[in-house]
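**Q** Turn this into a structure:
(one chain, ligands or ions: 2)
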Amino acid sequence: MGYVTRIVIIGGGPGGYEAALVAAQLGAEVTVVDCDGLGGASVLTDCVPSKTLIATAEVMTTFDSSYEELGIIVADDTPPLEQAARVVGVDLGKVNRRVKRLALAQSHDITASVTRAGARVMRGRGRLKGQQSIDGSRRVVVEAADGTSETLTADAVLIATGAQPREIPDALPDGERILNWTQVYDLDELPEELIVVGSGVTGAEFAGAYQALGSKVTLVSSRDRVLPGEDPDAAAVLEDVFRRRGMNVLARSRAVSAKRVPGPFTTEGPSSPKAGEEGRAGDRVEVTLADGRVITGSHCLMAVGAIPNTVDMGLEESGVKLKESGHIWTDKVSRTSAPGVYAAGDVTGIFALASVAAMQGRIAMYHFLGDAVAPLNLKTVSSNVFTDPEIATVGYSQADVDSGRIDARAVKLPLLRNPRAKMLGIRDGFVKLFCRPGTGIVVGGVVVAPRASELIHPISIAVDNNLTVEQIANAFTVYPSLSGSIAEVARQLHTRKTNAE
Ligand SMILES: Cc1cc2nc3c(=O)[nH]c(=O)nc-3n(C[C@H](O)[C@H](O)[C@H](O)COP(=O)(O)OP(=O)(O)OC[C@H]3O[C@@H](n4cnc5c(N)ncnc54)[C@H](O)[C@@H]3O)c2cc1C
Ligand SMILES: NC(=O)c1ccc[n+]([C@@H]2O[C@H](COP(=O)([O-])OP(=O)(O)OC[C@H]3O[C@@H](n4cnc5c(N)ncnc54)[C@H](O)[C@@H]3O)[C@@H](O)[C@H]2O)c1
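**A** Ligands and ions are numbered 1, 2, ... in the order given. Now for the predicted structure:
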């Protein structure tokens, strides 16, 4: 029997389990070590649970925002808004039980397929031990929850340990009123008044979702606008929608502390219980901003970013170089600075997406096991912010165009003009395409629309395959359809020689 290559993967999120599937398929002997369960944070606490919660929020928003215009009668004798509030309500306990059930089921499915592929799954905390041995192998120590440990020997190790919520020392989550995004699924009742700290993708998604579910939401944004990393036109649309729906969006407001305080909660101002009112310890939350303002609510969700899981993993002792941020340095084929050690996913800090983590993990295995491999290309990544409307992007961005990083023409077409959008009562959103001036090759795009995550795919195919605006314009679209706007923008770019907007 020939030699079988041994692979140990630490971390069973998309970076880890996708790598395991590929390596097992290529004939390696694979062990995946995870301390929480396969699927990782992506499946158990982050991506899957949040999108499942948002699925309920989406139904609520669709109903709330369009039932009247579309001629749906809720009841006869009360004003429309009151009708909506009464007819459409949410049982958060039930929603969260569904969320957890779905996440666990998906984790089991992934475990089953990884096991079926022939990989060994170990529950425990893994860490690298020492430098590469003389024969080129690496050692990984796995500690189980019961205190037992096992040392594995591998020809290559993949680190895919992900990240965890960043904490602010004076705003530590207590799991009841001050929460991080992994803890919200333990709530049985809808927060009456939720303060979301941080307006990155996580903060914006939860703020939008809880508002749709019925909470009164304040979004604390340390920057000028929500979603500072996204297309500015898209962020402006979303911020406008948030405000119109009654969200209190506080720009340039950095939170310095969040504390539970006694007493009934008020929406603004000093927080001590009023005379005659009974205060109960910890039934309100006070968030203090850097400029001294204090906002109060019933709950607070901290969404101030994530830190990589690189501590106590024997990385530096094993020659794995870390960046200043604590993330693992990797090259475009997922190699770290230590021979025989690869890294994938959020632990590398490259692009915190499940799809990118999976791609980095697969690339690592293709590379080590000698299969054909294309280096990671971030210019074709598509991503989506699951708000209402959704914001989907692919390829080069407006910031790349504005900074001169790429020479591209852009056209933006509001969805308002789209016949299907009119029929559906959709007012907010647009399609934007970027193409090379001479050739018309599509290099990027943004879609702001309900289910933009589905609409971005043709643009993604165009970017990936160097298709031109003519090719997009000439492909049939269904009439009437939202994707008709993608063809329409392409037609405009075909004829226009200068930036239209
Ligand atoms: C709220 C939220 C929503 C998101 N939504 C989306 C989305 O819709 N789409 C999208 O593409 N991305 C989304 N993301 C990002 C996505 O979740 C991450 O990019 C993805 O989880 C990264 O996968 P990973 O494999 O690097 O690690 P993870 O999914 O973080 O998994 C790492 C695993 O390793 C385990 N681990 C850690 N240390 C050790 C150790 N020493 N030994 C053994 N096991 C260990 C962890 O417990 C975990 O199980 C979201 C993120 C957040 C926070
Ligand atoms: N739909 C998706 O694909 C999805 C969803 C959620 C997260 N993610 C990924 O996860 C990564 C992390 O996103 P994130 O939103 O969790 O983190 P982030 O770091 O992108 O955003 C955190 C925000 O909080 C702000 N902030 C920090 N401290 C603050 C304070 N004290 N007061 C007020 N604001 C403060 C920061 O300025 C920043 O804008 C992103 O790269 C994103 O791609 C993806």
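
**Q** and stretch 42-52 with ligand 1, contact?
**A** Yes - residues of stretch 42-52 contacting ligand 1 under Cβ under 6 Å from any ligand atom: Ser42, Asp46, Cys47, Ser50, Lys51. The way it works is simple: take the backbone N, C-alpha and C, and place the C-beta from them, glycine included.

**Q** What about Gly39, how many residues nearby?
**A** 29 (other Cβ atoms under 10 Å).

**Q** residues contacting it?
**A** For Gly39, the contact set (Cβ atoms under 8 Å, 6 or more residues apart in numbering) comprises Gly12, Gly13, Tyr17, Val48, Ala103, Gln106, Ser107, Ile110, Thr111.

**Q** ok, it to ligand 1 distance?
**A** Using Cβ to the nearest ligand atom, to the nearest Å, Gly39 is found at 7 Å from ligand 1.

**Q** Not counting sequence-adjacent ones, nearest residue to that residue?
**A** Among residues not flanking Gly39 along the chain, Ser107 sits closest, at 4.0 Å (Cβ to Cβ, 6 or more residues apart in numbering).

**Q** these two touch, right, Phe368 and Arg138?
**A** No - look at Phe368 against Arg138 with Cβ atoms under 8 Å: they stay out of range, at 11.6 Å.

**Q** what residues do these two have in common as contacts?
**A** Contact criterion Cβ under 8 Å, 6+ apart; residues shared by Phe368 and Arg138: Asp155, Ala156.

**Q** Can you tell me the element whichever residue of the stretch 401-501 of the chain sits closest to ligand 2 falls in?
**A** Residue nearest to ligand 2 within the stretch 401-501 of the chain (Cβ to the nearest ligand atom): Ser453, separated by 8.7 Å. If you go by DSSP states H and E, Ser453 is part of helix 452-455.

**Q** who touches the helix or strand that that helix is followed by?
**A** Helices and strands here follow DSSP H and E; after helix 452-455, the next one along the chain is helix 457-464. Residues from elsewhere that reach helix 457-464 (Cβ under 8 Å, 6+ apart): 379-380, 382, 394-395, 433, 442-445, 447, 467, 471-472, 475, 483, 486.

**Q** Pull out the buried members of those.
**A** In the contacts of helix 457-464, burial by neighbour count holds for 382, 394-395, 433, 442-445, 447, 467, 471-472, 483, 486, counting by 16 or more other Cβ atoms under 10 Å.

**Q** TSV please, covering those and showing distance to ligand 1, pLDDT and secondary structure.
**A** TSV is the format used below for these (distance: Cβ to the nearest ligand atom, whole Å; pLDDT from 0 to 100; DSSP: H, G, I helix; E, B strand; the rest coil):
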residue	distance to ligand 1	pLDDT	secondary structure
Ser382	10	97	strand
Val394	13	98	strand
Gly395	16	97	strand
Leu433	23	98	strand
Val442	22	98	strand
Val443	22	98	strand
Gly444	18	98	strand
Gly445	18	98	strand
Val447	16	98	strand
Leu467	24	98	coil
Gln471	28	98	helix
Ile472	25	98	helix
Ser483	22	97	coil
Ile486	22	98	helix
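
**Q** Just flag the most distant two among those.
**A** Across the buried ones among the contacts of helix 457-464, the longest distance by Cβ to Cβ is 19.3 Å; it joins Val443 and Ser483.

**Q** picking that back up, next one: the residue nearest to Gly39 from Met122, what distance?
**A** Noted for Ser107: a distance of 15 Å to Met122, by Cβ to Cβ, to the nearest Å.

**Q** Ligand 1 contacts on this protein?
**A** Residues of the chain lying close to ligand 1 by Cβ under 6 Å from any ligand atom are 10-16, 33-36, 40-42, 46-47, 50-51, 125-127, 160-163, 181, 202, 309, 313, 345-347, 352-355, 357, 386.
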